[in-house]
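1. Provided below for reference: sequence and predicted model.
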Amino acid sequence: MSSERPFEPVNVYEYEILAKQKLPKMAYDYYASGADDQYTLEDNILAFRKLRLRPRVLIDISVQDISANILGIPCSFPFVIAPTAMQKMAHPEGEVAVARAAAKSKVIMTLSSLSTCSIEEVAKAAPQGPKWFQLYVYRDREITKRLVQRAEQAGYSAVVVTVDTPKLGRREADVHNKFELPQHLTFANFVDSADVDRQRTKKVDGSGLAAYIASLFDPSLSWKDIHWLKTVTKLPILLKGVLDEKDAERATQVGVAGIIVSNHGARQLDSSPATIDCLESVVKGVRGKIPVLLDSGVRRGTDIIKALALGAQGVCVGRPILWGLAVAGEEGVRRVIELFRSEFDLDMGLLGCPSIADIRRDMVVKVDWSIPSKANNLMPARGKELRSNL
Ligand SMILES: Cc1cc2nc3c(=O)[nH]c(=O)nc-3n(C[C@H](O)[C@H](O)[C@H](O)COP(=O)(O)O)c2cc1C
Ligand SMILES: CCCCC(=O)C(=O)O
């Protein structure tokens, strides 16, 4: 590779390769892993790959509009940053850098409960940018209530309750690495708390994060708690982690504002289906009453189009944002978002869609396609070649 010009990634897979080189093993493994055998991790990519897009021709696309409105928020395109914990492991500015990049790119950022910059620091860094707050429900309801109210006070415009994590999925690399939050970092939303246990993971034999969750998160979380949550905040509530039509229907009955179809980036129940394969049934379950978003495995502009064609209003993206952050901080996150935006724009044009309303269900074709045996085969050819050169 030439030493004069720094290598500029042209897709998010290449960002991952560079990030892997920069990050400590414990951080990279934590970010990249799925649960158990990582079947679902493969499926999240394969399922998109099995869907093809059939373009229409001779359509004037000289004027294209890819902007979107997600829960009343104008966005440059239908893209939301998914909540990912502990972003300072990727870059010293952590969540603040991600929030600034999101604001500049006019996309929504979702802040994790387990962030390494606080709710208020992130709000201050990007006051104009649209922000959602992701909630993990602690056994201690006062703590939970306080998190939500701080987010409301700081100007976040929705609460995203994660409903697929009553326990932590077993990510085997984290068990091997005895994952713990690096000493110089804390869970910043709890630094004012008298209870130091909430501020850090403990050194344990196995994943420190799994131990943290087992002791502090509420495994009894159920539908009644959504009713409770509605009594402590005026913010719209989204449920993140729904895969089933009946759950989607129930979500509309308890009055949530939206659903995120997610398998948590394949980090919770291994063998749960790819989200793109569940999307249509979830959309059916909500009967047009509330918007549906999708995450897990979105890596290309074409993936965004496939999700929209099957009924999503937008997508959320997790790991690629962390790779951009690790490679070049705020600027790296901006470049990753720009890759998604420009691919989406180009692919819409090639499909014959001047606007999002022109994306139609019948443009998606499912192909009968044999499954490659190794996850490595999922890496596009150029990524593989790069990896062997680096
Ligand atoms: C490193 C990492 C940390 C995550 N932390 C959280 C979290 O704190 N809260 C949450 O609801 N989801 C969390 N998720 C799940 C993401 O919000 C999202 O569902 C997932 O990353 C989407 O899949 P993708 O990474 O393939 O885009 C995390 C995912 C990763 C990879
Ligand atoms: C609840 C665990 C912490 C963050 C997370 O959701 C993840 O690592 O996937």
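-> Cool, got the structure. Ligands and ions are numbered 1, 2, ... in the order given.
2. ligand 2 contacts on the protein?
-> By Cβ under 6 Å from any ligand atom, the residues of the chain that approach ligand 2 are 85, 114, 136, 165, 168, 209, 213, 264, 267. All C-beta atoms are positioned from the backbone trio N, CA, C, and that covers glycine.
3. now do the SS call for the fourth one.
-> If I follow you right, that is T165. Recorded secondary structure, T165: coil (DSSP: H, G, I helix; E, B strand; the rest coil).
4. apart from its chain neighbours, what residue comes closest to it?
-> Once flanking residues are discounted, T165 sits nearest to Q268: 6.2 Å by Cβ to Cβ, 6 or more residues apart in numbering.
5. mind listing what's buried along stretch 70-88?
-> By neighbour count on 16 or more other Cβ atoms under 10 Å, the buried set for stretch 70-88 is 70-71, 73, 75-88.
6. please list the members of these that lie in strands.
-> 70, 73, 75, 79-81 (DSSP state E).
7. so which pair among these is furthest apart in space?
-> Spatially, the most separated pair among those is I73 and I81, at 12.7 Å (Cβ to Cβ).
8. mean confidence for the longest helix along the chain?
-> Determined from DSSP state H, the single longest helix within the chain is helix 319-351. Helix 319-351 comes out with an average pLDDT of 98.
9. list the buried ones in that helix?
-> Across helix 319-351, burial judged by 16+ other Cβ under 10 Å covers 319-330, 332-337, 339-341, 343-345, 347-349, 351.
10. how far does that helix sit from the chain's center?
-> Relative to its parent chain, helix 319-351 has a centroid offset of 13 Å by Cα atoms, centre = their mean, to the nearest Å.
11. and what of stretch 128-147?
-> Worked out by Cα atoms, centre = their mean, stretch 128-147 lies 17 Å from the chain centre.
12. now do the same end-to-end measure for it.
-> The first residue of stretch 128-147 is 21 Å away from its last residue (Cα to Cα, to the nearest Å).
13. repeat that for stretch 272-292.
-> Terminal residues of stretch 272-292 are spaced 19 Å apart (Cα to Cα).
14. so what touches that stretch?
-> Applying Cβ atoms under 8 Å, 6 or more residues apart in numbering, the contact partners of stretch 272-292 are 40, 43-44, 46-48, 51, 70-71, 242-249, 251-252, 256-263, 266, 294-297, 303, 306-307, 310-314.
15. go again with 7 Å.
-> 40, 43-44, 47-48, 51, 71, 242-243, 245-246, 248-249, 252, 256-259, 261-263, 294-297, 306-307, 310-313 (Cβ atoms under 7 Å, 6 or more residues apart in numbering).
16. of the buried residues of helix 319-351, list those near ligand 1.
-> Among these, the residues within reach of ligand 1 (Cβ under 6 Å from any ligand atom) are R319.
17. A102: which element?
-> helix 94-105 (DSSP states H and E).
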